[in-house]
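Colleague: Make a model of this:
(chains A and B)
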Amino acid sequence: MSVVPPAYYVGLSAILFAIGAVGVLVRRNPLVIFMSIELMLNAANLAFVAFGRTHGAADGQVIVFFVMTVAAAEVAVGLAIIVAIFRARFRINVDDLALMRW
Amino acid sequence: MEWIVFGVVAVTAIVMAVGLIVRPNPLHGALFLVGNLFCVAVLFLMLRAEFLALAQVIVYAGAIMVLFMFAIMLLIPGRAEAGPDPLARARRLALPLAAVLGLMIILVAGRTGGPAPGEPPGGVGAIGRLLFTDYLFPFEVTSLLLLAALVGALTLAKRRTSP
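Modeller: Down below sits the predicted model:
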């Protein structure tokens, strides 16, 4: 039986989510922003599993499984976009990318 | 005993997350993120989600982070954030805003989260049974999503030869 109540896991996931949000807002390198988004997704996964443990149901774990799949697809497409932008402009800074075409 | 493990792993996870957003070199950030993912895998184990802990290490720390490493090494790290920052004043608001966000999540989630941990859900068998009964349609849609991501990444990465 778990001694640590799931509420502590949810608190930790909130802290990790907030740190990821700071990374998205502060950094200018799209790769670091992307990794911060992964951190936020991961924090949400931790909250899902903790809530699933609270209710004694496996549904939370199934949803985390889907989140992992979507994250993998998102990383593949996002990194392809970043590499394509870098190839076209030789510079990666999100504040310069104000147009949808170049 | 479990409190000690939780405390050590939680502090390590937070330190790794801060390292990710503080270090200027994205390669160091990627390594910090791998450490954070391992810490969360340990927390999954403590929550009796063994399958997810394994999937976390294999899919996230294995496959996704290797993809990140490739992209970072392809794009010359450490040169992107030089020069004056046009949004410096707006960025100073990021820390208080994120602190408010974290407090809000803790307040709301702390109210809904029950104090007593229920029975541990039945492991890999229960997940598989749910995946192929209640969640069958999302499971099938996932395959379509992965196919779309595959085609999209290939199309974006292809060099345009002649117009």
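
Colleague: The one residue sitting closest to the centre of chain B: helix or strand, and which one exactly?
Modeller: Closest residue to the average C-alpha location of chain B: B:Leu37 at 6.8 Å, with Cα atoms, centre = their mean. Element membership of B:Leu37, judged by DSSP states H and E, is helix B:26-46.

Colleague: Can you identify the element that follows that helix toward the C-terminus?
Modeller: Helices and strands here follow DSSP H and E; after helix B:26-46, the next one along the chain is helix B:50-55.

Colleague: Mind listing what's buried along that next one?
Modeller: If you call a residue buried by 16 or more other Cβ atoms under 10 Å in any protein chain shown, then helix B:50-55 has these buried ones: B:Phe51, B:Leu52, B:Ala53, B:Ala55. Glycine gets a C-beta too; all of them are placed from N, C-alpha and C.

Colleague: right, is that helix up against chain A?
Modeller: Yes - with Cβ under 8 Å from any Cβ of the partner chain as the criterion, chain A is reached by helix B:50-55 at B:Phe51, B:Leu52, B:Ala55.

Colleague: Isn't the first one up against B:Leu130?
Modeller: Spelled out, it's B:Phe51. No - taking contacts as Cβ atoms under 8 Å, B:Phe51 lies outside contact range of B:Leu130: 11.8 Å.

Colleague: Could you look up the SS state of A:Arg28?
Modeller: Secondary structure, DSSP: H, G, I helix; E, B strand; the rest coil: A:Arg28 is coil.

Colleague: So for it, what's the pLDDT?
Modeller: At A:Arg28, the model reports a pLDDT of 81.

Colleague: do the same with B:Ala80
Modeller: At B:Ala80, the pLDDT recorded in the model is 51.

Colleague: From A:Phe86, how far off is the most centrally placed residue in chain A?
Modeller: When Cα atoms, centre = their mean is applied to chain A, the residue found nearest the centroid is A:Glu38 (2.6 Å). Separation of A:Glu38 from A:Phe86 (Cβ to Cβ, to the nearest Å): 19 Å.

Colleague: Quick one: distance of stretch B:150-163 to the chain centre.
Modeller: The chain centroid and the centroid of stretch B:150-163 are separated by 27 Å under Cα atoms, centre = their mean, to the nearest Å.

Colleague: Now the residue nearest to B:Ala71 when sequence neighbours are not counted: which helix or strand?
Modeller: Among residues not flanking B:Ala71 along the chain, A:Leu79 sits closest, at 4.5 Å (Cβ to Cβ, 6 or more residues apart in numbering or on different chains). When elements are assigned from DSSP H and E, A:Leu79 belongs to helix A:59-89.

Colleague: what about that helix, average pLDDT?
Modeller: Across helix A:59-89, pLDDT averages out at 87.

Colleague: and it, what other elements does it pack with?
Modeller: For helix A:59-89, the packing partners by 3 or more Cβ pairs under 8 Å, 6 or more residues apart in numbering or on different chains; DSSP states H and E come out as helix A:30-55, helix B:50-55, helix B:65-74, helix B:123-131, helix B:136-157.

Colleague: Tell me what angle it forms with helix B:123-131.
Modeller: Helix A:59-89 and helix B:123-131 are oriented at 80 degrees to each other (axes from the mean of the first three to the mean of the last three Cα atoms, to 10 degrees).

Colleague: orientation of helix A:59-89 relative to helix B:136-157 in degrees?
Modeller: Orientation note: helix A:59-89 sits at an angle of 10 degrees relative to helix B:136-157 (the same axes, to 10 degrees).

Colleague: Figure out how far stretch B:5-17 is from the centre of its chain.
Modeller: The answer for stretch B:5-17 is 15 Å, by Cα atoms, centre = their mean.

Colleague: And it, what's buried?
Modeller: So for stretch B:5-17, counting by 16+ other Cβ under 10 Å, buried means B:Phe6, B:Val9, B:Ala10, B:Ala13, B:Ile14, B:Met16, B:Ala17.

Colleague: go on, stretch B:145-161?
Modeller: For stretch B:145-161, by 16+ other Cβ under 10 Å, it's B:Leu145, B:Ala149, B:Ala153, B:Leu156.

Colleague: Buried deepest among the helices and strands packed on helix A:59-89, which one?
Modeller: Greatest average neighbour count among these goes to helix A:30-55 (a mean of 23), per mean count of other Cβ atoms under 10 Å in any protein chain shown.
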